[in-house]
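structural data only, the sequence is not supplied:
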């Protein structure tokens, strides 16, 4: 493999997961989730699963409903930040 191809492969692997969103199906409905790495997290948030703070620079999930509530125009206004374990346990 040439040096250029090897460098491109390394750069592709380093793409931050925060840029990838995925639709997940839960008992409560369908949600979009995005994983935030510790390097892109700069503020504390309160996890709705355990009601504890998620400190800055902590990897976690940002989650919002695919279908917004009646008073919202889109689900992005209903984003919530979850600890990884709390979101995995939430059904």
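Perfect, I can see it now. Please read all numbers here as calculations on a predicted model, not as lab measurements. Numbering: from 1, shown residues only.

what residues does the strand ranked longest in the chain touch?
Ranked by residue count and defined by DSSP state E, the top strand of the chain is strand 29-36. Contact partners of strand 29-36, identified using C-beta atoms under 8 Å, 6 or more residues apart in numbering, comprise 17-18, 20-24, 59-67, 75, 81, 87. (Each C-beta comes from the backbone N, C-alpha and C, glycine too.)

sitting in strands, which of those do you find?
Reading strands off the contacts of strand 29-36 with DSSP E, I get 21-24, 60-65, 81.

want to try a markdown table for those residues, with distance to residue 36, neighbour count and pLDDT as columns?
Below are the ones in strands among the contacts of strand 29-36 laid out as a markdown table (distance: C-beta to C-beta, whole Å; neighbours: other C-beta atoms under 10 Å; pLDDT from 0 to 100):
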| residue | distance to residue 36 | neighbour count | pLDDT |
| --- | --- | --- | --- |
| 21 | 11 | 11 | 88 |
| 22 | 13 | 9 | 92 |
| 23 | 17 | 9 | 93 |
| 24 | 15 | 13 | 93 |
| 60 | 6 | 22 | 95 |
| 61 | 7 | 22 | 95 |
| 62 | 6 | 19 | 95 |
| 63 | 11 | 20 | 94 |
| 64 | 13 | 18 | 93 |
| 65 | 18 | 20 | 91 |
| 81 | 8 | 21 | 95 |
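
please enumerate the helices of the protein.
Assigned by DSSP state H, the chain shows helices spanning 3-13, 84-89.

relative to the whole chain's centre, how far out is the last one?
The gap between where helix 84-89 is centred and where its chain is centred comes out at 11 Å by C-alpha atoms, centre = their mean, to the nearest Å.

got the contact list for that helix?
So helix 84-89 is contacted by 33, 47-50, 59-61, 63 (C-beta under 8 Å, 6+ apart).
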